[in-house]
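**Q** Please work out how this folds:
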Amino acid sequence: MARRGIARASVEATLQKPDWNDPDPGHGERTRSFKTLEQMGGRVLRVVHWTDGEDIVVLTAMLDRNALKHRRG
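**A** Prediction:
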């Protein structure tokens, strides 16, 4: 996250109140959550995660250039 300039607060906000979610197409147990970040010039943050009991395990967080093209709904 530090290398990509993504704040922990942005990841937490994406997990707590995403703009939308999609299942990860290659891994059914994973979810991809997306949130538009105005503080990042309107870019979309994608967080890939799954639940483990009461925990949320984050695999990756990245700014996704193509997210809006693939948005469902």
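
**Q** Span of stretch 33-48 from start to end?
**A** Start-to-end span of stretch 33-48 (C-alpha to C-alpha, to the nearest Å) is 6 Å.

**Q** Could you pull out the buried residues of it?
**A** By 16 or more other C-beta atoms under 10 Å, the buried positions in stretch 33-48 come out as Ser33, Phe34, Lys35, Thr36, Leu37, Val44, Leu45, Arg46, Val47, Val48. Just so you know, the C-beta spots here come from the backbone N, C-alpha and C atoms, and that holds for glycine as well.

**Q** surely Leu37 meets Leu45?
**A** Yes. If you go by C-beta atoms under 8 Å, Leu37 and Leu45 touch, sitting 5.4 Å apart.

**Q** Quickly list what's touching both of these two.
**A** Ser10, Leu63 (C-beta atoms under 8 Å, 6 or more residues apart in numbering).

**Q** related to what we said a few turns ago, just put the buried residues of stretch 33-48 in CSV and tack on pLDDT, distance to Met62 and secondary structure.
**A** CSV is the format used below for these (pLDDT from 0 to 100; distance: C-beta to C-beta, whole Å; DSSP: H, G, I helix; E, B strand; the rest coil):
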residue, pLDDT, distance to Met62, secondary structure
Ser33, 97, 12, strand
Phe34, 96, 11, strand
Lys35, 96, 12, strand
Thr36, 94, 14, strand
Leu37, 93, 12, strand
Val44, 94, 10, strand
Leu45, 96, 7, strand
Arg46, 96, 6, strand
Val47, 97, 8, strand
Val48, 97, 8, strand
